[in-house]
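Engineer: please work out how this folds:
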Amino acid sequence: MKKTEVLHQPALREEYNSPHITIGETGLKTVHTFTYLGCTITSDKEIDNRLAKANSSFGRLYNRVWRDKHLRKDTKICVYRVVVLPTLLYGSETWVTYCHHIRLLKRFHQRCLATILNVLWYDYVTNVEVIQRARTTSIEAMLLKSQLRWAGHVSRMEDH
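Structural biologist: The predicted structure is shown next:
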């Protein structure tokens with residue numbers, strides 16, 4: 001009971017009312033943020049944190065991988081899927097995402113794919129076409145898939 005805390009995140013534009021939860025006679029402490037297994041559990045800060053870490057990992061590979069003319073684009077996309085996307089989406093199963101979060105994630109994903117595929121803004125290539133050329137899915141689809149997988153896992157768990 002000493003380590004149990006309550007994190008309440010109201011809906012967007014909803015007034016925050018601190019919940020009062022008790023188990024037996026013990027009242028649980030209400031917090032606005034906490035870290036669990038390296039994740040900051042609160043939507044805005046965690047998504048910003050994940051974007052910063054993914055951007056850092058993408059940047060460290062810029063000269064060695066993304067700009068290497070001897071690597072095939074399929075190999076570069078594979079490296080992106082294995083290194084950058086897990087860094088970005090780590091712990092995303094528990095995120096409370098709003099439209100502005102999805103926009104930030106989409107923007108990052110599209111920018112990375114365009115860089116890998118060497119698509120410039122004046123090439124007039126749509127975001128859908130960039131995703132098709134990379135033979136991948138949108139970041140929103142990846143996020144929903146991980147959240148649904150986690151929800152299915154939790155729903156199949158026994159009550160105890």
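Engineer: which SSE is immediately downstream of the helix-or-strand element of the chain with minimal mean pLDDT?
Structural biologist: Each helix and strand of the chain was given a mean pLDDT (mean pLDDT, DSSP states H and E); the minimum falls on strand 39-41 at a mean of 60. Proceeding C-terminally, strand 39-41 gives way to helix 43-60 as the next helix or strand, assigned by DSSP states H and E.
Engineer: list the buried residues for that next one?
Structural biologist: 43-44, 46-47, 49-51, 54-55, 57-58 (16 or more other C-beta atoms under 10 Å). Quick note: C-beta positions are derived from backbone N, CA and C, even for glycine.
Engineer: residue contacts, L143?
Structural biologist: By C-beta atoms under 8 Å, 6 or more residues apart in numbering, the contact list for L143 reads 89, 92, 95, 97, 102, 105.
Engineer: considering those, which possesses the most neighbours?
Structural biologist: Comparing the contacts of L143 by number of neighbours (other C-beta atoms under 10 Å), L105 comes first, having 24 neighbours.
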